[in-house]
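Novice: everything below, folded, please.
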Amino acid sequence: MKLLKQTRINLASRQLHRYLLDGKNRLFDDIRKLAIRFGDNRSADENRRMTAWVSRVMKQSLELMLLSGALLFASDCMGDEPRMIELIGSGAFAGSATDLSGDSGTLEEGSPRNRLGGFSAIEYSGSNNRFMLLADRGPADGATGFECRWHVADLQLNLPSKSVVPQLVATQKLQSSDAKPLQGALSLLENPQTVQLAFDPEGFRKLASGDWVVTDEYGPTISLFNPQGKMKSRWALPDWMHLSQGVTASEWNRGTVPNRGLEGVAITPDGQLGLAVMQGALGQDAEISGKKRIGKFARIVAFDPSQPGPTSKQFAYPLESASTGLSEILAWDNTRFLVLERDGESGKDARCKKIFLIDISKATDVSKFDSIGPQSLPIGVEPVEKELLIDLLNPEYGFHGEKAQEKPEGMTWGPNLEDGRKTLWVCYDNDFEVERPNLFLVFAVPSSF
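Specialist: Model prediction:
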């Protein structure tokens, strides 16, 4: 996919074209005046010939200058990352912050029940500076009975200082359809009587109706919630996508590999298509590597957001490596999406924290393929097209090296800037660790590509 590179070349061409239109007439007039000035003692015919000759030489020189300038400008613009995108703000909730749930006491591992953190997704409310933040399963990787929740927050972007000032407004607990609290405890999955209460929320989007689509990594599931956080219904994923049973990689040969389930979710602007991304390869699409089961392709699952029911198409996403995974997806238009892909490292070991622009319009529907292969796709299968949009480890942004956090997890579009550019908001998951802030980054992005 050459969408971004073509856009950058077009931008360069337009700028050079404007320069030529503005400057060439004035330059040629000066040349003619100069030729006539030094030709006062010549005949009118000689002056005309001299003026024509100088104009022709200077025109050719100008064309060469513009051509070389275009090549240099286009080369500069066609780096690994579009230069028209810039970081315009950052900020954080402290890792020690508490939420507004009203909970008291401590969880099994000792952390407060009302600890604020673990942001797995972010969604703009559409009004002022108000955003929604989704917390994941809680501290200690599912070892506690943390009750799932989302938060309402005002995130104030200050452009002069390039800062984001967050203020928590409300906290809402999530409930099952029979009004029982959903919890992040892995132990609930072991009991048929409680398995429906086990929930690891990873992605959410608000529908035009006011309801919410929420993805869960445990099931994995795609569920519909009302604005008060109560589950209404679910979309049905194929049985062969359900969580793989067993405790070792050799047993995870079919279905969702533990900790590689559904992550982000996107709804197209026309409201006709929903997409949910798997973090990594399914068991049947992967191979054993040590104690892990990994593959180079993650599936993207399509569904109709207007009506819960069976999911529809699936598309293959080519991962940067078998060790990276998908965290989020966000619609750009009805066929193109931003996808957040990352590794599991922090600090100087971090290598991949990238946002790609993908296009599904030419991708093959792989929903009928039992396996799409761990290393290469079946003959005739086309994956989604992808191209780098933002490298979050770019030194220009200041969140590389020792400052690189492990888990950029959520993305949303915020309010547009006065110059027409869009704002892209990224939230980080701090795993509820006190020493790690709940970080937000804000990027200015052109309104069209």
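Novice: need the helices for this protein, in chain order.
Specialist: Listed in chain order, the helices found in the chain under DSSP state H are 3-37, 44-77.
Novice: now the weakest link among those helices, please, by mean pLDDT.
Specialist: The weakest mean pLDDT among the helices of the chain belongs to helix 3-37, with a mean of 50.
Novice: distance of residue 267 relative to residue 252?
Specialist: 30 Å (C-beta to C-beta, to the nearest Å). Using the backbone N, CA and C atoms, a C-beta is placed for each residue, glycine as well.
Novice: scratch that, residue 222
Specialist: 21 Å.
Novice: how about the contacts made by the nearest residue to residue 400 once chain neighbours are set aside?
Specialist: Using C-beta to C-beta, 6 or more residues apart in numbering and skipping residues adjacent in sequence, the residue nearest residue 400 is residue 393, 4.5 Å away. By C-beta atoms under 8 Å, 6 or more residues apart in numbering, the contact list for residue 393 reads 350-354, 399-400, 404.
Novice: hmm, try it at 7 Å
Specialist: 350, 353, 400, 404 (C-beta atoms under 7 Å, 6 or more residues apart in numbering).
Novice: quick one: the last one from residue 434, how far?
Specialist: Going back to what we said before, that points to residue 404. From residue 404 to residue 434 the distance is 19 Å (C-beta to C-beta).
Novice: more neighbours: those two, which one.
Specialist: Set side by side, residue 404 and residue 434 show more neighbours around residue 404, with 18 against 14, by other C-beta atoms under 10 Å.
Novice: residue contacts, the more buried one?
Specialist: 346-347, 350, 353, 393.
Novice: check residue 133 too.
Specialist: 119, 122, 150-151, 153, 427.
Novice: most neighbours among these, please name it.
Specialist: Highest count within the contacts of residue 133 by other C-beta under 10 Å belongs to residue 427, 28 neighbours.
Novice: list the beta-bridge partners for that one.
Specialist: residue 410, residue 440 (DSSP bridges).
Novice: quick one: contacts for it?
Specialist: 119, 122, 133, 409-410, 440.
Novice: hmm, which two among the contacts of residue 133 are most spread apart?
Specialist: Farthest-apart pair in these is 150 and 427; separation 12.2 Å (C-beta to C-beta).
Novice: any idea how far residue 405 is from the nearest residue to residue 96 once chain neighbours are set aside?
Specialist: Take residue 96 and drop its neighbours on the chain: the residue closest to it by C-beta to C-beta, 6+ apart is residue 434, 4.9 Å away. As judged by C-beta to C-beta, residue 434 and residue 405 stand 14 Å apart.
Novice: where does the chain dip in pLDDT?
Specialist: For the chain, applying pLDDT under 70 flags the ranges 1-44, 46-47, 50-51, 53-55, 57-83.
Novice: show me the contacts for residue 441.
Specialist: 87, 90, 426.
Novice: distance of the first one relative to residue 161?
Specialist: Distance check for residue 87 against residue 161: by C-beta to C-beta, it reads 13 Å.
Novice: which one of these two is surrounded by more residues?
Specialist: residue 87 (19 against 10).
Novice: now the more buried one: how far from residue 206?
Specialist: 26 Å.
Novice: find the nearest non-adjacent residue to residue 264, please.
Specialist: Per C-beta to C-beta, 6+ apart, closest to residue 264 is residue 328, 3.5 Å.
Novice: for stretch 111-129, buried residues please.
Specialist: Across stretch 111-129, burial judged by 16 or more other C-beta atoms under 10 Å covers 111-124, 129.
Novice: mind listing the strands for the stretch 251-400 of the chain?
Specialist: 262-267, 274-278, 287-289, 292-294, 297-303, 314-318, 325-331, 336-342, 353-359, 385-391 (DSSP state E, counting those that start in this stretch).
Novice: what's around residue 145, how many residues?
Specialist: 16.
Novice: please apply the same query to residue 239.
Specialist: Counted with other C-beta under 10 Å, residue 239 comes out at 8.
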